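Undergrad: what follows is a predicted structure for the sequence shown.
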Amino acid sequence: MSRLAVASIDLAALTANLARLRALAAPARLMAVVKADGYGHGLERVARALAGADAFGVAAIADGQRLRAAGHAERIVVLSGPDAPGDLAELRRLDLDAVIHHPSQLEWLEAEAGGAPLRVWLKVDSGMHRLGFAPQCVADVHARLARLPQVHPEIVLMTHFAASDEFSNALTAQQIEAFAAATRGLPGPRSLSNSAALLGWPAARGDWVRAGGLLYGLSVVRGKTGADHGVVPAMRLATRLIAVNRVAQGEAIGYAGTWRCPEAMPVGIAAIGYGDGYPRSAPSGTPALLREREVALIGRVSMDLLALDLRAVPDARVGDEVVLWGPDLPVEHIAAAAGTISYELTCGVTRRVLFVER
Ligand SMILES: *Cc1c(COP(=O)(O)O)cnc(C)c1O
């Protein structure tokens, strides 16, 4: 069977988004965060389109291996650093930067007999309480790192925000202040901002901005889409109708019959479901696009299929394209309907979907 569900990735959109973010971030440098397979868009293709970035950010050494194998010479920062002492040699072999966020990692570094200078980003927990050293430990950790010949002398100081997508949330202002206090007097570049902070928290610009979502044209700001921030969505997810049926008034659609036809009506069956990464939590009423018109999802999303109310497009035919999200149908709207964020949807597109570049 041919694969009907297609995720097309707009490489020019990625490149244009990068240019826009670089201009917004300047004079700070821009790290393009490409973790989770480039937010689901495909690591290697995304990195190719974003090759002008000052660095790449990845979650795991394995992603750094893939980028080096693809020929990338840019700085690559492993955002959670080594997971075991043996990772230090691999970080050096691949010339990857390591985030150091925990005393165990510091001990592994100190236990090394030597080695080429590893580039280190010292992570401060300024209030998110996920990864990072407590503010009162930072000066001591910095001193311990700075005296190691196996650590590069330029140590980047970084932190991460918990709520920077809420532009009036006082927590971010507190985190900015806590980070400044913890790092006062220490040398080295600063890195605080993710995408949302780049938009909403200019005081957190620092020397390195770490942007992910906006590069892909995605927003996590409530009620906003990528386009609202001047970036272009890079992913378009589409499939085709494989059935158009006339269903009688009162009949129920799909598993558990959660939606009933209020009148005799055309119902389209599209070849995509949660096995492709379309969220099962999307309720009846969630929009899709057919012949440039909005049609509503009806009934439960199943593994391979979903049903659409075709009353808005009564001339729809088997084989017609159905767009699930893309530049003309913001993924943020689908995410809001499904009770999640755009990032989870693009990350969740599965291997069954055919990825093409445009
Ligand atoms: C994922 C991540 C980012 C990027 O966040 P976006 O919201 O996608 O811009 C930045 N910094 C760290 C530490 C991250 O884990």
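TA: Good, I have the coordinates.

Undergrad: let me see the backbone angles for residue 277.
TA: Torsion angles at residue 277 (phi, psi; degrees, to the nearest 10) stand at phi 100, psi 0.

Undergrad: go ahead and confirm it touches residue 355.
TA: No - using CB atoms under 8 Å as the test, residue 277 is too far from residue 355 to be in contact (11.6 Å). Backbone N, C-alpha and C define where each C-beta goes, glycine included.

Undergrad: between the two, which has more neighbouring residues?
TA: residue 277 (22 against 16; other CB atoms under 10 Å).

Undergrad: quick one: residues in contact with the helix or strand hosting residue 30.
TA: With secondary structure defined by DSSP states H and E, residue 30 is part of strand 29-33. Here strand 29-33 makes contact (CB atoms under 8 Å, 6 or more residues apart in numbering) with 18, 21-22, 47, 50, 53-58, 77, 79, 191, 194, 207-212, 215.

Undergrad: just these that are near the ligand?
TA: With the criterion set as CB under 6 Å from any ligand atom, the members of the contacts of strand 29-33 near the ligand are 79, 194, 210, 211, 212.

Undergrad: tell me which two of those residues sit farthest apart.
TA: Comparing every pair within those by CB to CB identifies 79 and 211 as the most remote, at 12.9 Å.

Undergrad: tell me which residue is most central in this protein.
TA: Taking CA atoms, centre = their mean, the centroid of the chain lies closest to residue 39, which sits 3.9 Å from it.

Undergrad: need phi/psi at residue 161.
TA: Residue 161 has phi and psi values of phi -90, psi 150 when expressed as degrees, to the nearest 10.

Undergrad: and if you look at residue 62?
TA: Here is the backbone geometry of residue 62 (degrees, to the nearest 10): phi -60, psi -40.

Undergrad: could I get the contacting residues of it?
TA: Residue 62 touches nothing, counting by CB under 8 Å, 6+ apart.

Undergrad: and it, how far from residue 69?
TA: Using CB to CB, to the nearest Å, residue 62 is found at 11 Å from residue 69.

Undergrad: contacts only, for whichever residue of the chain sits closest to the ligand.
TA: Closest to the ligand within the chain is residue 212: 2.5 Å, counting by CB to the nearest ligand atom. Applying CB under 8 Å, 6+ apart, we find residue 212 in contact with 32, 33, 34, 35, 39, 57, 194, 195, 343.

Undergrad: let me have those residues in JSON lines, extended by pLDDT.
TA: Formatted as JSON lines, the entries for these read as follows, by pLDDT from 0 to 100:
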{"residue": "32", "pLDDT": "98"}
{"residue": "33", "pLDDT": "98"}
{"residue": "34", "pLDDT": "98"}
{"residue": "35", "pLDDT": "98"}
{"residue": "39", "pLDDT": "98"}
{"residue": "57", "pLDDT": "98"}
{"residue": "194", "pLDDT": "98"}
{"residue": "195", "pLDDT": "98"}
{"residue": "343", "pLDDT": "98"}
